[in-house]
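Structure, please.
(4 chains)
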There are 2 protein chains.
Amino acid sequence: MRTQRVVLGAIEQDLKSAALPPLGWYDVLLELSRAADERLRPYEIEERTLLAQHNLSRLLDRMERMNLVRREAFDGDGRGRWVVLTEAGRSMQTRMWAVYAASIQAHLGAHLTDSDAEGLSALLAKLMR
Amino acid sequence: MRTQRVVLGAIEQDLKSAALPPLGWYDVLLELSRAADERLRPYEIEERTLLAQHNLSRLLDRMERMNLVRREAFDGDGRGRWVVLTEAGRSMQTRMWAVYAASIQAHLGAHLTDSDAEGLSALLAKLMR
DNA sequence: CCGTTGTAGATGCATTTGCATGTATCATGC
DNA sequence: GCATGATACATGCAAATGCATCTACAACGG
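Next up is the predicted model:
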């Protein structure tokens, strides 16, 4: 828990120093960029990012206000919505990745060998079951 | 990050189900219970728990409102305060530990062998440097 | 002494989160 | 086809967090 807080704090700080939004935004942008047609239903983003439904709903509000995503109607289920990545969203994802990747390298990669990283990943995976 | 969120979420949920306060409260209570005279200066709690100064200040407000801690004047530096564990605080720490310990066992211990745990701990320690 | 700078802790204000509930739509069983 | 319960997403309100700043006191240099 302590390590996570320290590392996450350092990464968030790097993003903030670069005048970029917090990590949660990146997670959403990344999932959208990977999705077919660069669009997902909110509940799909929810599953992939582990964001709580109401938090995601408001995060999307903020992102939509910044024109990073756009909400569209979803045909075939009147309750559903599409969340679509915009051009600005795509470019934000790229800009965030530049900083985020460097930050991962500095705060994680630089401290671990490849086999450390694999070991850590395997141990954490055990906890997810 | 994902693993931490899942595990922390599960632990917080266990505490909430037992009608107990969040984990941050336990951290403070634990540090106080370990301290000489069961008292610490706010900045000492801050260092040990990694809580931000303003967050700790308000957490202490809440805990004081619940009579778990008491703030006292600190002689020798007029700016300083003592945060003192109360009887109710001591008993809350004990009650939380019962639930927390079981939760750690369920969400961490049950998934890891002893050598897994040591390995994980060693890897995380590498990240803290 | 006195002014300046530093440190401990508190607090006002904006933003974010959590929780419960609301609204709309869908699916199912009768 | 219509009540009943489930699902998708939004939202009002309270609580927690982040950020900047404030107050009070200490320390230091002249």
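
Could you use CA atoms for every contact and neighbour count after this?
Noted.

is chain B contacted by stretch A:29-42?
No. With Cα under 8 Å from any Cα of the partner chain as the criterion, chain B is not reached by stretch A:29-42; the gap is at least 14.5 Å.

What segments of chain A are helices?
A:2-17, A:23-34, A:42-49, A:53-65, A:87-107, A:114-127 (DSSP state H).

buried residues in the shortest one?
Judged by neighbour count (16 or more other Cα atoms under 10 Å in any protein chain shown), helix A:42-49 contains these buried residues: A:42-43, A:45-46, A:49.

what about residue A:79, how many residues close to it?
8 (other Cα atoms under 10 Å in any protein chain shown).

can you give me phi and psi for it?
The phi and psi values for residue A:79, taken as degrees, to the nearest 10, are phi -80, psi -20.

can you pull the contacts of it?
For residue A:79, the contact set (Cα atoms under 8 Å, 6 or more residues apart in numbering or on different chains) is empty.

how far away is the residue nearest the centre of chain A from residue A:47?
By Cα atoms, centre = their mean, chain A has its centre lying nearest to residue A:27, at 0.7 Å. Using Cα to Cα, to the nearest Å, residue A:27 is found at 12 Å from residue A:47.

Enumerate the residues of chain A near chain B.
Counting by Cα under 8 Å from any Cα, chain A comes close to chain B at A:1-4, A:6-8, A:50, A:107-108, A:111-112, A:116, A:120, A:123-129.

again, only this time at 10 Å
For chain A, the residues in contact with chain B (Cα under 10 Å from any Cα of the partner chain) are A:1-8, A:49-51, A:107-112, A:116-117, A:119-129.

Which among those count as buried?
Buried members of those, counted by 16+ other Cα under 10 Å: A:3-4, A:7-8, A:49, A:51, A:107-109, A:111-112, A:116, A:119-120, A:123-124, A:127.

Can you give me the distance of residue A:27 to residue B:108?
If you measure residue A:27 against residue B:108 using Cα to Cα, the figure is 26 Å.

residues in contact with stretch A:2-17?
Contact with stretch A:2-17 is made by A:18-24, A:96-104, A:106-108, B:1, B:3-5, B:49-51, B:121, B:124-129, as judged by Cα atoms under 10 Å, 6 or more residues apart in numbering or on different chains.

meant to ask about stretch A:86-99
A:11, A:14-23, A:25-30, A:32-33, A:38-39, A:63-64, A:66-70, A:85, A:100, A:103-105.

for it, which positions count as buried?
A:86, A:89-90, A:92-93, A:96-97, A:99.

Thought residue B:127 was touching residue A:112, still the case?
Yes. Using Cα atoms under 10 Å, residue A:112 makes contact with residue B:127 at a distance of 7.6 Å.

Just want the phi and psi numbers for the residue of chain A most remote from its centre.
Residue farthest from the centre of chain A, counting by Cα atoms, centre = their mean, is residue A:76 at 27.5 Å. The phi/psi pair for residue A:76 (degrees, to the nearest 10) reads phi 100, psi -20.

do you know how far it is from DNA strand C?
6 Å (Cα to the nearest atom of the strand, to the nearest Å).

Let me know the closest of the buried residues of helix A:42-49 to residue A:81.
If you rank the buried residues of helix A:42-49 by distance to residue A:81 using Cα to Cα, residue A:42 comes first, at 6.9 Å.

and residue A:75, backbone torsions?
Note on residue A:75: backbone dihedrals following degrees, to the nearest 10 are phi -70, psi 140.

Now do the contacts for the residue nearest to the centre of chain A.
So residue A:27 contacts A:33, A:45, A:48-51, A:93 (Cα under 10 Å, 6+ apart).

And it, what's its pLDDT?
Here the pLDDT value assigned to residue A:27 is 97.

check contacts around the residue nearest to residue A:117 when sequence neighbours are not counted.
Setting aside the residues directly before and after it, residue A:117 is nearest to residue A:109 in space (Cα to Cα, 6 or more residues apart in numbering or on different chains), at 7.9 Å. Listed by Cα under 10 Å, 6+ apart, the contact partners of residue A:109 are A:101-103, A:116-117, B:127.
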